[in-house]
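Q: sequence unavailable; structure follows:
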Ligand SMILES: Nc1ncnc2c1ncn2[C@@H]1O[C@H](COP(=O)(O)OP(=O)(O)OP(=O)(O)O)[C@@H](O)[C@H]1O
């Protein structure tokens, strides 16, 4: 079976088959169990607001949805995942005052860290980053890829991973036992539901949100770093340890008493459950006296957007390769854990003084599953938005992030965003002018997309190579055939044919000289804030 298709469209990975008996009377299962059942597997929401009435509720809500128990009722045929207790109990009967359909969608959107953390298999890294070199050809002293990475192709070859579609279930007794005990599902009474449970590999990270949430006053606020649509980010110092951190104050979209935004819940949940060198680390969640929630993150000195703007010359080819590798490894990790970032852009890529690139801002990210349900279209900042989104598709998957990665690669090389549209139509126009107008031959099904118009301006040629020539005396960024091949594969119209993160990581460009620069050898950039020095 084609590995890429499988990764894109399989709802979840099953590592083992294990029957457990669940009482629908008590009905409590861990979300990992619930989500590992294809019938229970749902999809996530748009940017909904979950109603919570007090700080206690709010934190309880965070805890419930971040960690665990969800209620499953009914038979295996009709089982329904109910939202965390705090969500349903807040609005008894009407559950947040939504229509049944809305509630159903919201319930399905509850993101589960256990699922993220445990729905994976693990295998040794064969990342090209391990092979990257410094300018002088020496192997770097440190490599951040020393920890095992997911590798679906390896796993598939090993036969340890399978999806529900494949119907292959592996069983390892020790893991199976752990699954059983960790889900605590030994109930014998009532109507029993038989659910296969994936055997749980050790979580990537143990998240204990049930600990008391610390106060933001444990930190000294130093200066404001930046402000985005979803939060204000401050530089701060841990009073106890002296450690410098970034504090993201989560913005309430509406009056704070009305609720905690789902986007914030989703971001906290996803970031807390991930621990990867290319994904910004969230240390804890703290609150102030007014119940405002802050995410405490590792502090990163720069973001790529600002660096590109400030840098007099563009990044060298080996620097671009090094950054691209780090980015692709982060994206690969997300996609392998069934998470779409949905807002990859240079301002969401942070760089620290060790030359480490990390993806931040998971406010729009979501877990994905079956392609049959529509997702919200209002995702991805315009300049990085994939053509299928611009043309109104409601069914999309990992390919949308890969288009954004293509735009980022072009921007790193050229020092300016590739397609700078002002409106959605203008964005399409800008893309068509460079890549040519798509047609049924190169993108079957394009004419069926809601936004496709037969009267789009016909631009029959792909002019991308002119912007990234093999040799240049005109100041255009030079790109070898191999580099251009990768860029073209990232900026492929048909999402089905667009390269995956895994395949991109394996691309020849990363093995050709100049070799990717390792993070330890990236240049040192001046501090963004005077206070940082
Ligand atoms: N861990 C961090 N360390 C240093 N700076 C950070 C960190 N996280 C975020 N920032 C800075 O804050 C900015 C905004 O952060 P973030 O993107 O998470 O907020 P947002 O409100 O979700 O933004 P957006 O409007 O792009 O969705 C980033 O572009 C970056 O400059």
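A: Thanks, I have the structure now. The structure presented is a predicted model; accordingly, all values stated were derived computationally and were not measured.

Q: which residue does the stretch 301-450 of the chain have closest to the ligand?
A: Closest to the ligand within the stretch 301-450 of the chain is residue 361: 3.2 Å, counting by Cβ to the nearest ligand atom. For every residue, glycine as well, the C-beta is placed using N, CA and C.

Q: surely that residue and residue 343 touch.
A: Yes - counting by Cβ atoms under 8 Å, residue 361 does reach residue 343; the two are 6.1 Å apart.

Q: quick check: residues of the protein near the ligand?
A: 225-226, 228-231, 233, 246, 248, 280, 297-300, 303, 347-348, 350, 360-361, 363 (Cβ under 6 Å from any ligand atom).

Q: same thing but at 5 Å, please
A: Proximity of the chain to the ligand (Cβ under 5 Å from any ligand atom) is limited to residues 225-226, 228-231, 233, 246, 280, 297, 299-300, 303, 347, 360-361, 363.

Q: so how far is residue 236 from residue 219?
A: Look at residue 219 and residue 236: by Cβ to Cβ, to the nearest Å, they are 4 Å apart.

Q: mind listing the shared neighbours of these two?
A: Residues touching both residue 219 and residue 236 by Cβ atoms under 8 Å, 6 or more residues apart in numbering: 245, 247, 296.

Q: neighbours around the second one, how many?
A: The number of residues packed around residue 247, counting by other Cβ atoms under 10 Å, is 22.

Q: next: the first one.
A: Burial of residue 245, expressed as a neighbour count using other Cβ under 10 Å, amounts to 22.

Q: same thing with the one 3 residues further on?
A: Look at residue 248: counted by other Cβ under 10 Å, it has 28 neighbours.

Q: just the shared contacts of residue 219 and residue 236: which are in strands?
A: 245, 247, 296 (DSSP state E).

Q: quick check: phi and psi at the residue of the stretch 201-350 of the chain found nearest the ligand.
A: As assessed by Cβ to the nearest ligand atom, the ligand sits closest to residue 228 within the stretch 201-350 of the chain, at 2.0 Å. Torsion angles at residue 228 (phi, psi; degrees, to the nearest 10) stand at phi -120, psi -170.

Q: then the one 5 residues further on?
A: Here the main-chain torsion angles of residue 233 (degrees, to the nearest 10) amount to phi -110, psi 130.

Q: swap in residue 221?
A: Main-chain torsions, residue 221, degrees, to the nearest 10: phi -80, psi 130.

Q: and residue 430, what element?
A: helix 424-435 (DSSP states H and E).

Q: show me what the longest helix seen in the chain is packed up against.
A: The longest helix of the chain (DSSP state H) is helix 317-336. Packed against helix 317-336 by the contact rule (3 or more Cβ pairs under 8 Å, 6 or more residues apart in numbering; DSSP states H and E) you find strand 349-351, strand 357-359, helix 399-414, helix 501-505.

Q: ok, which of the ones you listed comes nearest residue 319?
A: Of all those, it is helix 399-414 that lies closest to residue 319, at 8.1 Å by Cβ to Cβ.

Q: now the closest one: average pLDDT?
A: Per-region confidence: helix 399-414 scores 97 on mean pLDDT.

Q: what's the answer for stretch 459-471, then?
A: The pLDDT scores in stretch 459-471 average 93.

Q: same check on stretch 303-321?
A: Taken as a whole, stretch 303-321 has a mean pLDDT of 90.

Q: now do it: distance from first to last residue.
A: End-to-end distance for stretch 303-321: 17 Å, by Cα to Cα, to the nearest Å.

Q: please apply the same query to stretch 345-360.
A: First-to-last residue span, stretch 345-360, Cα to Cα: 10 Å.

Q: ok, stretch 214-230 next?
A: So stretch 214-230: terminal residues 22 Å apart, Cα to Cα.

Q: what mean pLDDT does it get?
A: Stretch 214-230 carries an average pLDDT of 90.

Q: tell me the buried residues in that stretch?
A: 216, 219, 222, 225, 230 (16 or more other Cβ atoms under 10 Å).

Q: need the contact partners of it.
A: Counting by Cβ under 8 Å, 6+ apart, 232-240, 244-247, 250-251, 261, 263-264, 267, 284, 286-289, 292, 294, 296, 303, 347, 361, 363, 528-529, 531 sit against stretch 214-230.

Q: ok, stretch 427-437 next?
A: By Cβ under 8 Å, 6+ apart, stretch 427-437 touches 382-383, 385, 387, 390-391, 418-421, 438, 451, 456-464, 467, 491, 493.

Q: right, I'll call it a day here.
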